[in-house]
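Asker: Compute the structure for the input listed below.
(one chain, ligands or ions: 1)
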Amino acid sequence: MSHGNLQNETAIVTGGAYGFGEGIVNKFIREGANVIIMDIDSDNGIRVQSNQPTRSAVFVRGDVSNENDWKAVRDTTLKTYGRIDIVVNNAEISSLNVPEDMFDRLHSVNVKNIYHSARVIVPVMQQQGGGGVFVNIYSMGSLRPRPNFAWYAATKGAVSAATKCLAAELAKDNIRLNTVCPVAGETGMTPLILGNPDTHEARGSILSGIPLGRFATPADVANATAFLASDEASFVTRVELPVDGGRALN
Ligand SMILES: NC(=O)c1ccc[n+]([C@@H]2O[C@H](COP(=O)([O-])OP(=O)(O)OC[C@H]3O[C@@H](n4cnc5c(N)ncnc54)[C@H](O)[C@@H]3O)[C@@H](O)[C@H]2O)c1
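Answerer: Residues are numbered from 1 along each chain as shown. Have a look, this model is predicted:
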């Protein structure tokens, strides 16, 4: 039996089917949480669920930009585990080529997920009593801007602002909100960051800006997220935690 830092907690992890989100699901379950994986990718969602101990993870197909999907995830979580303690808003999309319909889609996925999750899940946490935690995945790409990522970074700026405002607003209910800010990592987003096919030069150029000399891994992001979600961070709210190998220094 596990006795981790998230023992008996119930978490919703969006985008948990792949990349950083998959790492967060794995870590949370090792720390004793039950996890609902909300993702649009059914094949990988079922794969991640089936890698976990029985009943510790349930995949629910859902689009974070859709309010009804959030309500369905809320209802499944309460039916399966009886409560909701933690939401990790990790699922987001990026694009370099941003015609207006992609601009709208970026905002619809990357900003509306914070909006829907707050409107649908906060009332559950308030009714349960005892507080709750949101960890929203932000990006060093917003804190340390790079060319070609303006419209993605703009959505991340909105995530940051909303997280800080909600942290101030919901502290009275002991609901904490923080962001984790990863530097470039090797995930489904890699081709966007490094080009496709990626080159030694492109990798070298990004790595030269990261003093610790490597990309972020799903485990790096998951460890920081699990800390902020746990009671060890019970007096920590409204922070932006870089997981960036020192990129912020460069
Ligand atoms: N990879 C990086 O270099 C990097 C750097 C900084 C921040 N981030 C942030 O980390 C988070 C995770 O990114 P990643 O690199 O693991 O991405 P990824 O593309 O590898 O995985 C994203 C997951 O989200 C899911 N998803 C996409 N749209 C969805 C939607 N509308 N509803 C539900 N699920 C959806 C995908 O199916 C996938 O499983 C994002 O918030 C991203 O902005 C990534």
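Asker: Now the residue of the chain found nearest the ligand: closest residue in space, sequence neighbours ignored.
Answerer: Using Cβ to the nearest ligand atom, the closest approach of the chain to the ligand is made by residue 19 at 2.3 Å. C-beta coordinates here come from the backbone N, C-alpha and C atoms, glycine included. Closest residue to residue 19 apart from its sequence neighbours, by Cβ to Cβ, 6 or more residues apart in numbering: residue 187 at 3.2 Å.
Asker: likewise residue 69?
Answerer: residue 62 (3.6 Å).
Asker: Go through stretch 241-250 and flag the buried ones.
Answerer: For stretch 241-250, the neighbour count (16 or more other Cβ atoms under 10 Å) marks 241-245, 247 as buried.
Asker: no no, stretch 113-128
Answerer: Buried residues in stretch 113-128, defined by neighbour count with 16+ other Cβ under 10 Å: 113-118, 120-122, 124-126.
Asker: Same check on stretch 4-18?
Answerer: Residues of stretch 4-18 classed as buried: 4-6, 9-18 (neighbour count, 16+ other Cβ under 10 Å).
Asker: repeat for stretch 40-50
Answerer: So, applying 16+ other Cβ under 10 Å, buried residues of stretch 40-50: 40-41, 44-45, 48-49.
Asker: just the helices in this protein please.
Answerer: 19-30, 42-50, 67-81, 100-110, 112-128, 140-143, 150-170, 190-194, 200-207, 218-229 (DSSP state H).
Asker: Pick out the shakiest of the ones you listed, pLDDT-wise.
Answerer: If the helices of the chain are sorted by mean pLDDT, helix 190-194 sits at the bottom with a mean of 82.
Asker: which residues sit against that helix?
Answerer: 94-96, 184, 198, 202-203, 206 (Cβ atoms under 8 Å, 6 or more residues apart in numbering).
Asker: who touches residue 14 in this structure?
Answerer: Residue 14 sits in contact with 21, 38-39, 64, 87-91, 113, 117, where contact means Cβ under 8 Å, 6+ apart.
Asker: which residue is nearest the middle of this protein?
Answerer: Per Cα atoms, centre = their mean, the C-alpha nearest to the average position across the chain is that of residue 90, at 2.1 Å.
Asker: near the ligand, which residues of the protein show up?
Answerer: 14-15, 17-21, 39-41, 44, 63-65, 90-93, 109, 137, 139, 141, 182, 184-185, 187-189, 193 (Cβ under 6 Å from any ligand atom).
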